[in-house]
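In: My questions concern the predicted model and sequence given below.
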Amino acid sequence: MTTTNETSADPSPPLAGMLAGKVAFISGAGRGIGAAAARLFAREGAQVLLTARTEDQLRTVTEEVRAAGGTAEYVISDLADPASVRAAVESTVERFGRLDVAFNNGAAITPPAAFDEVPEADFDLLYQVNLKGLWVAMAAQIAAIRDTSGTGSIVNNSSVGSLMGNPQLPAYGAMKRAVNSLTETAAVTYGPEGIRVNAVAPANTTTEMIRSWESYTPGLSERIAANAPLRRAADPHEIAEAAAWLLSDRSSFVTGTVLRVDGGARA
């Protein structure tokens, strides 16, 4: 006997949004990919809980979602603070009654540096936020999904920089590779309960993160784009679209996958 979190038949009417009727948690939702995901998930029918550190950004995105007819709330949370991460997940259940899907998008960045030149403080920050913070969030989300909806889906935001040696961003790449491992392990562990876990691995995307790295390495984005078959950077909404599909019932037989969204850069 197998256990799934979706039926074999299409569970939604043809015109229903991919995330119709679902409650979604999104971290790093104040800007970039997270903000694009908040807008998209709401358009696709989800009630969304936005979380990040910066209230002004969260308020702006929340108001945009509501102005477009969606349902959104926000909670300030810091991925470096496990208690606040758990509280944000709990707030989703308190405000909407359950949790169905989660997009763990939030992350910290540090300046590029060679392996032996990475400051220990930078390494610790990337571990605390990009790995431990995500682990804490996943554990809280799995508990919330299990206790409320019973089944659901989680997507973690990784990076194509996790799929190969990363001389410019060795610590960042290492944490993201560990995210891939957590993703695969959780998929194997919780699949029998009907909880799917996947990751997206974006390449060059027009976000503040890339602009920050480019300030240290001028021309970085153009060089990356030149080496990709599509010859351009991704827009944040294109990464959000991939995450939405993985979270939706339309990907009901997909779990444990790290999906490259890289314009063919790793083909």
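Out: Sure thing, it's come through. No experiment lies behind these values; they were computed from the predicted model shown. Numbers count the residues shown, from 1 in each chain.

In: Toward the C-terminus, what is the element adjacent to the helix or strand hosting Asp124?
Out: Taking DSSP states H and E as the criterion, Asp124 maps to helix 120-126. As assigned by DSSP H and E, the chain's next helix or strand after helix 120-126 is helix 134-147.

In: need the next SSE after that following helix, C-terminal direction.
Out: strand 152-157.

In: which residues are in contact with the next helix or strand along the chain from that next one?
Out: Next helix or strand after strand 152-157 toward the C-terminus (DSSP H and E): helix 170-190. Contacts with helix 170-190, where a contact means Cβ atoms under 8 Å, 6 or more residues apart in numbering, come from 109-110, 113-115, 118, 122-123, 126-127, 130-131, 134-135, 138, 142, 154, 156, 158-159, 161-163, 165-166, 195-199, 201, 255-258. Bear in mind the C-beta positions are built from the backbone N, C-alpha and C, glycine included.

In: List buried residues within those residues.
Out: When neighbours are counted using 16 or more other Cβ atoms under 10 Å, those contain these buried positions: 109-110, 113, 118, 122-123, 126-127, 130-131, 134-135, 138, 142, 154, 156, 158-159, 161-163, 166, 195-199, 201, 255-258.

In: Tell me where the stretch 1-150 of the chain has helices.
Out: Taking DSSP state H, counting those that start in this stretch, the helices of the stretch 1-150 of the chain run over residues 32-43, 55-67, 82-96, 120-126, 134-147.

In: so can I have CSV of these showing distance to Asn105 and mean pLDDT?
Out: Below are the helices of the stretch 1-150 of the chain laid out as CSV (distance: least, Cβ to Cβ, whole Å; pLDDT from 0 to 100):
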stretch, distance to Asn105, mean pLDDT
helix 32-43, 4, 98
helix 55-67, 12, 98
helix 82-96, 13, 98
helix 120-126, 16, 98
helix 134-147, 10, 98
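
In: Nearest to Ile76, out of those helices?
Out: Taking Cβ to Cβ, helix 55-67 is the member of the helices of the stretch 1-150 of the chain nearest to Ile76, at 5.5 Å.

In: Between helix 32-43 and that closest one, find me the angle.
Out: 30 degrees (axes from the mean of the first three to the mean of the last three Cα atoms, to 10 degrees).

In: Check which residues of helix 55-67 are buried.
Out: Gln57, Leu58, Val61, Thr62, Val65.

In: Same question for stretch 214-231.
Out: Here stretch 214-231 shows Glu214, Leu220, Ser221, Ile224, Ala225, Ala228 as buried, counting by 16+ other Cβ under 10 Å.

In: What lies in contact with that stretch?
Out: So stretch 214-231 is in contact with 111-112, 168, 203-204, 206, 210, 213, 232-233, 262-265, 267, going by Cβ under 8 Å, 6+ apart.

In: cool, stretch 119-129 as well?
Out: By Cβ under 8 Å, 6+ apart, stretch 119-129 touches Leu79, Ala80, Gly106, Ala107, Ala108, Thr110, Pro111, Ala113, Ala171, Tyr172, Met175.

In: Where does the prediction get shaky in this structure?
Out: Across the chain, the ranges flagged by pLDDT under 70 are 1-15, 213.
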